[in-house]
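Trainee: have a look at this fold, sequence not included:
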């Protein structure tokens, strides 16, 4: 799966302080609130922060923490909606910076295709609500999503965020100017022992799954970049073969990390609750019924999932 927006036009430049800045066109109808909400879902995060219309993310580049800022103040401009991007040092190419920012802003999504698919459904209003144009923001890189998914297994978001913060504080390089830390790469997580994470309130199984997966990625036995270039089916098969990764975890990674467009994380409690509401069911659908219900949204099941998750906040 490509991790950069198609045919974007970038106006890039090197600032006097050595930072790389560029303007990234967003296209008509871009909805910035979804990216702001996703990247700001943990207000105590030590690796990303949202302040007003600015997303700050600390990246690990050649072992050094670098600060990426995505300013969405002009995202709603009627004629030229764009994001203003700044990397504190010009250590990556403008194309690579645009690719990372494009992932985080969900520019690889196809809202027009999804909305055309549901346009003829009698329940289209309940599916779309006031969310026309919704895109799926991704993590800055695939490994970040892998870590989130494993850490978040069978616990609520608040506790998952706390465990993730503790892990990043334990091993993520510090960006001195901002006080934030970069998410540790697989090699850094692979160097940990289970006891390092259980001391941070991880269960032994969760610690083992995370470290074991990191070692597979760091050793090259599980190549996330190679999986991204192949099919979703092959990527899912490779992920579920890893100890500690089941269908829900794999599909969450494929949706939020790889950006595959036709993923439904069957077994997700939020998805089950939203389907129960959409279909007026007396109880939450089981995995088999979830799978059958989501099939109607192929090949846009990822966006359907995002809309269903968002619909839980509807009145």
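Mentor: Received the coordinates, thanks. Values in this document were obtained by computation on a predicted structure and should not be read as measured data.
Trainee: I'd assumed residue 110 was in contact with residue 134.
Mentor: No: using CB atoms under 8 Å, residue 134 makes no contact with residue 110, being 11.1 Å away. C-beta: built from backbone N, CA, C; applies to glycine.
Trainee: those two: which is more packed in?
Mentor: For residue 134 and residue 110, the more surrounded residue by other CB atoms under 10 Å is residue 134, and the numbers stand at 21 against 16.
Trainee: check which helix or strand covers the more buried one.
Mentor: Using DSSP states H and E, residue 134 is not contained in any helix or strand.
Trainee: same thing with the one 10 residues further on?
Mentor: Following DSSP H and E, one finds residue 144 within helix 142-151.
Trainee: find the residues that touch each one of residue 134 and residue 110.
Mentor: By CB atoms under 8 Å, 6 or more residues apart in numbering, residue 134 and residue 110 have these common neighbours: residue 303.
Trainee: over to residue 58: give its phi and psi.
Mentor: Main-chain dihedrals, residue 58, degrees, to the nearest 10: phi -90, psi 120.
Trainee: neighbours of residue 190, how many?
Mentor: Residue 190 has 18 nearby residues by other CB under 10 Å.
Trainee: residue 193 too?
Mentor: Residues within reach of residue 193, counting by other CB under 10 Å, total 10.
Trainee: and what of residue 97?
Mentor: For residue 97, the tally of surrounding residues (other CB under 10 Å) stands at 26.
Trainee: so it touches residue 86, yeah?
Mentor: No: counting by CB under 8 Å, residue 97 does not reach residue 86; the two are 9.0 Å apart.
Trainee: give me the common contacts of these two.
Mentor: 20, 68.
Trainee: what does stretch 299-309 rub up against?
Mentor: Against stretch 299-309 from outside (CB under 8 Å, 6+ apart): 109-111, 113-114, 117-118, 127-129, 131, 134-136, 255, 259-265, 268, 270-271, 274-275, 278, 294-295, 297.
Trainee: so, low pLDDT: which residues of the chain?
Mentor: Within the chain, the stretches with pLDDT under 70 are 1-12, 15-16, 315.
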